[in-house]
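In: I would like to see how this sequence folds:
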Amino acid sequence: EVQFVESGGGMVQPGGSLRLSCAASGFIFSSAIMSWVRQAPGKGPEWVSTLRVGTGASDYRDSVKGRFTISSDNAKNTLYLQMNNLKPEDTALYYCAMGNRYTTYARLGSWGQGTQVTVSS
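Out: Okay, the predicted model is just below:
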């Protein structure tokens with residue numbers, strides 16, 4: 001059974017940093033294409049970043065390029081998202097999921113609870 005346990009969220013001031021973690025199980029993590037996807041209240045899912053775990057190739061939405069870094073620890077089956085220079089518009093519930101920027105993320109929350117990021121002064 002595919003499961004994700006997201007953690008690391010919190011409340012920070014604009015300009016602050018957070019590191020999200022996603023512990024994955026139930027599939028072969030080392031060959032997966034993994035993404036971080038966020039959902040703000042009243043809005044649909046928004047793809048943030050993708051990592052092709054086997055090669056290390058990454059992809060980012062334009063609004064987070066240069067501020068966010070996606071990475072993994074394959075020995076721990078864990079995906080990370082280092083978020084720097086956070087902005088109020090980054091406020092959302094963050095999920096990890098399998099897929100890329102073209103995936104339709106209709107079932108967020110089915111495999112993990114997400115982790116809340118709130119950026120506010």
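In: got the contact list for residue 12?
Out: Going by Cβ atoms under 8 Å, 6 or more residues apart in numbering, residue 12 touches 18, 86, 117-119. For every residue, glycine as well, the C-beta is placed using N, CA and C.
In: out of the residues you listed, which are inside strands?
Out: When those are checked against strands (DSSP state E), the matches are 18, 117-119.
In: tell me the centre residue of the protein?
Out: residue 36 (2.5 Å; Cα atoms, centre = their mean).
In: re earlier: buried only: go through the ones in strands among the contacts of residue 12 for me.
Out: Among the ones in strands among the contacts of residue 12, those buried by neighbour count (16 or more other Cβ atoms under 10 Å) are 18, 117, 119.
In: how about the nearest residue to the last one once chain neighbours are set aside, phi and psi?
Out: For residue 119, the nearest residue in space outside its immediate sequence neighbours is residue 86; the separation is 4.6 Å by Cβ to Cβ, 6 or more residues apart in numbering. With angles defined as degrees, to the nearest 10, residue 86 sits at phi -70, psi 150.
In: ok, residue 48 - contacts?
Out: Counted by Cβ under 8 Å, 6+ apart, residue 48 has contacts 35-38, 60-61, 64, 68, 81, 94.
In: in a strand, it, correct?
Out: Yes - using DSSP: H, G, I helix; E, B strand; the rest coil, the assignment for residue 48 is a strand.
In: that one and residue 19, how far apart?
Out: Computed with Cβ to Cβ, to the nearest Å, the distance linking residue 48 and residue 19 is 14 Å.
In: low-confidence ranges, this protein, go.
Out: Judged against pLDDT under 70, the chain has no low-scoring part.
In: ok, now which ones touch residue 111?
Out: Residues in contact with residue 111, defined by Cβ under 8 Å, 6+ apart, are 2-4, 97.
In: about what we covered before: host element of the residue nearest to the centre of the chain?
Out: Per DSSP states H and E, residue 36 falls inside strand 33-39.
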